[in-house]
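Have a look at this prediction, sequence included:
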Amino acid sequence: MDIQFDEIYKTYWQKIYRLCLGYVNDADWAKDIAQETFITVWQQLPKFRNDSGIGTWIFRIASNHCLRQVERNKRIPRLGIQTEIPEIIEPSIEDKTAFLYQCIAELAETDRLIISLELEDIKQAEIAQIVGISEANVRVRIHRIKERLTQKFTKHEQ
């Protein structure tokens, strides 16, 4: 096989980790799921048939692992958004990123997956393949998800 596992790992680790983090909103849990994903990739790489892009295949494995873990543990951290926010002159990028992942974790499972893939700059055609819906449906759902997230950010900043 022309694709080396080390190369795949270096290319996709951060993307898969962020996908998992967006899905479960727990850093340790996300690392565990990402690691399980790469164990599966390593084991199944010789069987990869190039029916889809390698990235599409890896994201599909990761999303399946996320779904299984959430179902198995019957828990999705749905951290409530603070109602009393300490006065901060300018929230840091880390704070905004953490808030974004918190908001993403509150979305429905499929929406979490779609927006996490969109944030990783995955083409909408690939997202459609990974999620199993039409490309047009992906576009509509991304638009609606972004509207919901924007509303939460606007509300949060007031």
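All right, it came through fine.

Count the neighbours of T40 for me.
When neighbours are defined as other C-beta atoms under 10 Å, T40 has 15 of them. Where C-beta positions appear, they are placed from N, C-alpha and C, glycine not excepted.

quick one: which helix or strand includes it?
Following DSSP states H and E, one finds T40 within helix 27-44.

Pull that helix out as CSV, backbone CA atoms only.
The C-alpha atoms that make up helix 27-44 are tabulated as CSV, following Å, rounded to 0.1, in the frame of the first residue of the first chain:
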residue,chain,number,x,y,z
ALA,A,27,-10.8,16.0,26.2
ASP,A,28,-9.8,12.6,27.7
TRP,A,29,-12.7,10.8,26.2
ALA,A,30,-12.0,12.4,22.8
LYS,A,31,-8.4,11.3,23.0
ASP,A,32,-9.5,7.7,23.8
ILE,A,33,-11.9,7.6,20.9
ALA,A,34,-9.4,9.1,18.5
GLN,A,35,-6.8,6.5,19.6
GLU,A,36,-9.4,3.7,19.1
THR,A,37,-10.0,5.2,15.6
PHE,A,38,-6.3,5.0,14.7
ILE,A,39,-6.0,1.4,16.1
THR,A,40,-8.9,0.5,13.7
VAL,A,41,-7.3,2.4,10.8
TRP,A,42,-3.9,0.6,11.4
GLN,A,43,-5.6,-2.8,11.6
GLN,A,44,-7.9,-2.2,8.6
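
Taking helix 27-44 as reference, get the angle to the helix or strand hosting R18.
R18 is located in helix 5-24, with elements delineated by DSSP H and E. Relative orientation of helix 5-24 versus helix 27-44 (axes from the mean of the first three to the mean of the last three C-alpha atoms, to 10 degrees): 140 degrees.

Which elements pack onto helix 5-24?
If you count contacts as 3 or more C-beta pairs under 8 Å, 6 or more residues apart in numbering; DSSP states H and E, helix 5-24 packs onto helix 27-44, helix 54-73, helix 93-105, helix 109-119.

Quick check: which of these is nearest to R18?
helix 109-119 (6.9 Å; C-beta to C-beta).

Moving C-terminal from that closest one, which element do we reach first?
Counting by DSSP H and E, the next helix or strand C-terminal to helix 109-119 is helix 124-131.

helix or strand right after that following helix?
Using DSSP H and E, the helix or strand that follows helix 124-131 towards the C-terminus is helix 135-157.

Thank you, goodbye.
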